[in-house]
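>>> After the sequence you'll find the predicted model.
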Amino acid sequence: MSKKNSAKNKKQKIETIEDVWKYEIAEELGLLNKVKQAGWGGLTAKETGRIGGLITVKKKQMKKGQSTQA
């Protein structure tokens, strides 16, 4: 398959709130440059785990905020 066709056939990913948080947290932790250079696969397990943990905290805070408003 040519390069032109492979790029054409890729599905576009819809950006979610978690994706936005992932980039924000990577920037807060000083990892954004590393992500831009090597991609998400270039991070260590410890680094990705830290990002995932902080996303989980944000989700819980968001859920808690919604339940107190209802």
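Great, that's in hand.

>>> remind me, longest helix of the protein?
Longest helix of the chain, by residue count under DSSP state H: helix 45-69.

>>> Now that one: buried residues?
Using 16 or more other Cβ atoms under 10 Å as the test for burial, helix 45-69 gives 47, 50, 51, 54, 55. For glycine as for every other residue, the C-beta is placed from the backbone atoms N, C-alpha and C.

>>> Farthest-apart pair in these, please.
The largest separation in the buried residues of helix 45-69, counting by Cβ to Cβ, is between 47 and 55 at 13.0 Å.

>>> The spatially most central residue of the chain in helix, strand or coil?
Centroid-nearest residue in the chain, with Cα atoms, centre = their mean: residue 22, separated by 3.1 Å. With DSSP: H, G, I helix; E, B strand; the rest coil as the basis, residue 22 sits in helix.

>>> Give me the nearest residue to it, chain neighbours excluded.
Nearest residue to residue 22 in three dimensions, chain neighbours excluded: residue 51, at 6.1 Å (Cβ to Cβ, 6 or more residues apart in numbering).

>>> And the one you found, how far from residue 68?
Separation of residue 51 from residue 68 (Cβ to Cβ, to the nearest Å): 27 Å.

>>> Over to residue 25?
In terms of Cβ to Cβ, residue 25 sits 24 Å off from residue 68.

>>> Repeat that for residue 16.
24 Å.

>>> In this structure, where is pLDDT below threshold?
1-10, 69-70 (pLDDT under 70).

>>> From residue 11, how far off is the residue nearest to residue 22?
Separation of residue 51 from residue 11 (Cβ to Cβ): 24 Å.

>>> residues touching residue 19, list them.
Not one residue lies near residue 19 by Cβ atoms under 8 Å, 6 or more residues apart in numbering.

>>> Now do the SS call for it.
helix.

>>> on that earlier part again, return the list of helices and strands in contact with the longest helix of the chain.
helix 17-28 (3 or more Cβ pairs under 8 Å, 6 or more residues apart in numbering; DSSP states H and E).

>>> Can you give me the buried ones in the following helix or strand past the helix it packs on?
Downstream of helix 17-28, the first helix or strand assigned by DSSP states H and E is helix 32-38. The neighbour-count check on helix 32-38 (16+ other Cβ under 10 Å) flags 34, 35 as buried.
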